[in-house]
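Asks: attaching a predicted model along with its sequence, questions to come.
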Amino acid sequence: MNTEDQLFVGRYWHKLDDGRIQCDVCPRYCKLKDGQQGLCFVRANVNNQIVSTTYGRSSGYCIDPVEKKPLNHFLPGTPILSFGTAGCNLACKFCQNWDISKSREIDTLADQASPQQIAQAAKKLNCNSVAYTYNDPVIFLEYAVDVAKECKALGVKSVAVTAGYICEEPRAEFFSHMDAANVDLKAFTERFYYKITGAHLQAVLETLVYIKHQTDVWLELTTLLIPGENDSEKELNEMTAWVVENLGADVPMHFSAFHPDWKMMDKPATPPSTLKMARQIALDNGVHYAYTGNVHDKEGGSTYCHQCSKKLIGRDWYVLSDWNLTEDGHCKFCNTPCAGVFEARPGNWGAKRMPVRLSEFIES
């Protein structure tokens, strides 16, 4: 890496006959002349090669509850060190991190840290895992992979929070280094993906099938329900039925509430009744674990045994209450396994969100 200008030569690109460079990280296949940036803003053609302009730089670090990602079946109750960079390869009109994901300003990136320093900080901060989040880690793939390698060496797990819009070859590399992923399945129509996100549904579905059947990554899904756009009973029926058929009943689904933001200020917030409807549709279609999010809903946030219906993990926002799993992750009442990655006992991080300056926790 060039520490002067923060340019890191990326992987997954090739030269075109007309002199441009094509970026092959995501299905946008941005074709760039020298000096141009891709739609993501941060992968650019510099001196006839694709560089990652944000390698080693972050928009900030924060310790979150792992449930905030959201992940309800991956080390419940534990703290996770979260960070992102700038830019995004989607163009969601409802983006709720638009100040980071749509930023063209590298000055957004306040903190510098090497992959080794991030892993060391996570270990010192007693974080069980590191999350690549806030913007999509697909566009800082090389940085995320290098951090994940250092984390693994220290026994720290890696979590991707992503929209899953990535090409086949980089997808294989990226997810080979992840332990868990929450993928935004933003809708279940091509119309929504094209009109609202500027992307395509099929590529995301292919990523989901790949993660579930070709990797050991723990997978959960999130759908932000936007009134009048992706919240119809028909679409939710089709989506949840597809998940059960193609990914299996054990993949948890989170249905989250939209609030007006970015370029969709004209839409109302999602009513709690819509989230409860979506959760019930998922359960009726055979999804074993369905949740509501961004609302205060103890029932919708808790985990239940799909066999005997007893509460396994109680949640009030991000605070755990009931814990009725055996040390090997089975229901204490009927001994049915609960799908997920669990430790013998839950963590007790609670709902705390703690911003950190990484420089205070890394070795000089």
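Replies: Arrived safely.

Asks: got a pLDDT number for His359?
Replies: No His there; residue 359 is Ser. Among the per-residue scores, Ser359 shows a pLDDT of 76.

Asks: so how many other residues sit close to the nearest residue to it once chain neighbours are set aside?
Replies: Leaving aside its chain neighbours, Ser359 sits nearest to Asp111 (7.4 Å; criterion: CB to CB, 6 or more residues apart in numbering). C-betas here are computed from N, CA, C, even on glycine. Neighbour count of Asp111, defined by other CB atoms under 10 Å: 16.

Asks: again with Asp250
Replies: 17.

Asks: next: Gly228.
Replies: By the measure other CB under 10 Å, the count of residues near Gly228 is 8.

Asks: and the helix or strand hosting Lys234, what does it pack against?
Replies: Lys234 is located in helix 233-246, with elements delineated by DSSP states H and E. Using 3 or more CB pairs under 8 Å, 6 or more residues apart in numbering; DSSP states H and E, the elements in contact with helix 233-246 are helix 201-214, helix 272-284.

Asks: if we go to 10 Å?
Replies: Under the contact definition 3 or more CB pairs under 10 Å, 6 or more residues apart in numbering; DSSP states H and E, helix 233-246 sits against helix 201-214, strand 218-225, strand 253-257, helix 272-284.

Asks: reformat those as TSV; add mean neighbour count.
Replies: Listed next are these as TSV, based on neighbours: other CB atoms under 10 Å:
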stretch	mean neighbour count
helix 201-214	17
strand 218-225	23
strand 253-257	24
helix 272-284	19
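
Asks: and these as CSV, adding distance to Tyr55 and mean pLDDT?
Replies: Below are the helices and strands packed on helix 233-246 laid out as CSV (distance: least, CB to CB, whole Å; pLDDT from 0 to 100):
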stretch, distance to Tyr55, mean pLDDT
helix 201-214, 23, 98
strand 218-225, 27, 98
strand 253-257, 30, 97
helix 272-284, 38, 98
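
Asks: as JSON lines, the ones you listed with distance to Val130 would be great.
Replies: Listed next are the helices and strands packed on helix 233-246 as JSON lines, based on distance: least, CB to CB, whole Å:
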{"stretch": "helix 201-214", "distance to Val130": "18"}
{"stretch": "strand 218-225", "distance to Val130": "15"}
{"stretch": "strand 253-257", "distance to Val130": "20"}
{"stretch": "helix 272-284", "distance to Val130": "29"}
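
Asks: lovely, talk soon.
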